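Visitor: generate a structure from the sequence data that follows.
(chains A and B)
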Amino acid sequence: MNVERITSFGVRIDGMYIVANGIVLGVIYGFETNRLFRIFSTGDIIGLDKYYCNIGLIDYFGIGDFELDNLSDDEFKEKLKDKSFCKLFSESLKELFSELSSFSKEDEQIILYYNMKKLYQMSGSKRLGLPKKFVEETGIDRVMTELQTQGKVLLDKDVYIINRQSVTEN
Amino acid sequence: MKINKYKKGKVIIEKDSPVKKLFYIQQGKITDTKNIFSSGSFFGLVSFFTELNVLNDYRVLENAVLYEYDCMDEIPEDILTFFIKSLSDMYVGFSYMSLVGRMPDPSFIISNYNDQKSSAAGGSKKDLLKELKGDGDLDDFIKALDFYINDNDEEVEIPQTFSDFKDEINKLLVEFNVSRFIAMMRGVIVKKSFPAENWYAFFSELFERSITLNDRALTLYIIYSSSFMLTDLEQINSLLRKHWEFLRFNGLNSWIDYVLRVHNNKLIVQVDD
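Guide: Numbering: from 1, shown residues only, chains lettered A, B, ... in the order given. The predicted structure follows:
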């Protein structure tokens, strides 16, 4: 399974991206622990973080087959004048902020489990998981191992996937 | 869009009520008791988009003029930049505060990123600058800043009086002799040649001239110099406040923060207060 880096932490990003098709993973970097903080899907906008201090603060990775539409900063502004785009963008922001609001009260294991479940469910028949190499390189392996110990995820052919039984139970 | 003026103390959005509009602060300050929102920013964005009620009153802290929009597509071109910046602040703030409990710090990011690169590939700080290539504007800005701070060893004779020094600096700016301008400023900063009371009016004038020239690196250098030469923190605050819109628009606020943190940690802590 292919995981491809889209933007890099600490680096200036040109324009914005709209997920045209597929799934994108968002990773943030803490002082002690990193987090797979969100699963983005078709219609979501990624790269909004770059306006905070002119460099990317969140890493985005496309997983499996995915397509992105690139928008320059000016094109993004132009789109914001369009009523139908604004409606879709508002819905995307509603989901984003609602998820992040609810995460603030949750343990990191629950957040990772939620995102693994979302990845599994949104990937349809492909039933995507996270490659072990990606999990180790992004530093989310400690929490993933805890989920594995609890039987919530399984390691199958070097890919962490949700334990279907745990999805049914939840 | 509506423009409304509010007096200090007025509650704009009551606790436990929804946010039905996008509020842009054209002038003044608003607080939700935890945060202060200043001119050039939007407030109440999360509640507006999630349709959840606010947890605290949003109250006017300083007499305010607000632009109120019913939806995103009403926001005009000149305010869109501020809207996107406010949205980005909210997105980054929510992501980091909710998940790792603290906000990202640009100086930490740069040094941490540099450390990661160093350990992975024997890189140095220059590697970060290479990574930043591709954005001509930022690349030029960093090169210019490097020149202002590190690459200028020109020897100059410092005038005896402050008045002569001012004349000389003004002449150098008119000639756009940046190299000599920096050498002169650095000589004065290092030797602390003139008393502190001379500096506020001088920096205020320089600040305005650099903005007129629309020179981002020069503006940053003047802020950087003022943090050394002005001993009254209120004066530094006043300089930053006076031109905050320009600094925000040019994305200089985080760089200012970075420079001040690195070069004068004590000052920035007090200025933040």
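Visitor: mind giving me the packing neighbours of the lengthiest helix in chain A?
Guide: Taking DSSP state H as the criterion, chain A has its longest helix at helix A:83-103. Other helices and strands packing on helix A:83-103, by 3 or more C-beta pairs under 8 Å, 6 or more residues apart in numbering or on different chains; DSSP states H and E, are strand A:34-41, helix B:45-50, helix B:77-99. (C-beta placed from N, C-alpha, C; glycine too.)
Visitor: got JSON lines for these, with mean neighbour count, mean pLDDT and distance to residue B:15 too?
Guide: Output for those, formatted as JSON lines (neighbours: other C-beta atoms under 10 Å in any protein chain shown; pLDDT from 0 to 100; distance: least, C-beta to C-beta, whole Å):
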{"stretch": "strand A:34-41", "mean neighbour count": "23", "mean pLDDT": "91", "distance to residue B:15": "29"}
{"stretch": "helix B:45-50", "mean neighbour count": "22", "mean pLDDT": "92", "distance to residue B:15": "11"}
{"stretch": "helix B:77-99", "mean neighbour count": "19", "mean pLDDT": "87", "distance to residue B:15": "19"}
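Visitor: of all these, which lies closest to residue A:149?
Guide: strand A:34-41 (17.8 Å; C-beta to C-beta).
Visitor: hmm, stretch B:204-217 in reach of chain A?
Guide: No: counting by C-beta under 8 Å from any C-beta of the partner chain, no contacts exist between stretch B:204-217 and chain A, the nearest distance being 11.3 Å.
Visitor: list the buried ones in that stretch?
Guide: Buried residues in stretch B:204-217, counted by 16 or more other C-beta atoms under 10 Å in any protein chain shown: B:204, B:206, B:207, B:209, B:210, B:211, B:215, B:216, B:217.
Visitor: can I get it in PDB? Just the C-alpha atoms.
Guide: Below are the C-alpha coordinates for stretch B:204-217, written out as PDB (Å, rounded to 0.1, in the frame of the first residue of the first chain):
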ATOM      1  CA  SER B 204       8.600  55.700  14.400                       C
ATOM      2  CA  GLU B 205       9.700  57.800  11.400                       C
ATOM      3  CA  LEU B 206      11.900  55.000  10.100                       C
ATOM      4  CA  PHE B 207       9.100  52.500  10.500                       C
ATOM      5  CA  GLU B 208       6.800  54.600   8.400                       C
ATOM      6  CA  ARG B 209       9.400  55.200   5.700                       C
ATOM      7  CA  SER B 210      10.100  51.400   5.400                       C
ATOM      8  CA  ILE B 211       6.300  50.800   5.100                       C
ATOM      9  CA  THR B 212       6.100  53.500   2.400                       C
ATOM     10  CA  LEU B 213       9.000  51.800   0.600                       C
ATOM     11  CA  ASN B 214       7.100  48.500   1.100                       C
ATOM     12  CA  ASP B 215      10.400  46.800   2.100                       C
ATOM     13  CA  ARG B 216       9.600  43.800   4.300                       C
ATOM     14  CA  ALA B 217      13.200  43.100   5.300                       C
END
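Visitor: which residues are contacting the longest helix of chain A?
Guide: Helix A:83-103 is contacted by residues A:37-38, A:43-45, A:79-80, A:111, B:46, B:49-52, B:71-73, B:87, B:90-91, B:94-95, B:98-99 when judged by C-beta atoms under 8 Å, 6 or more residues apart in numbering or on different chains.
Visitor: and the average pLDDT for it is what?
Guide: In this model, helix A:83-103 has an average pLDDT of 91.
Visitor: buried ones in that helix, by neighbour count?
Guide: Buried-residue list, helix A:83-103, by 16+ other C-beta under 10 Å: A:85, A:86, A:89, A:92, A:93, A:94, A:95, A:96, A:97, A:99, A:100, A:103.
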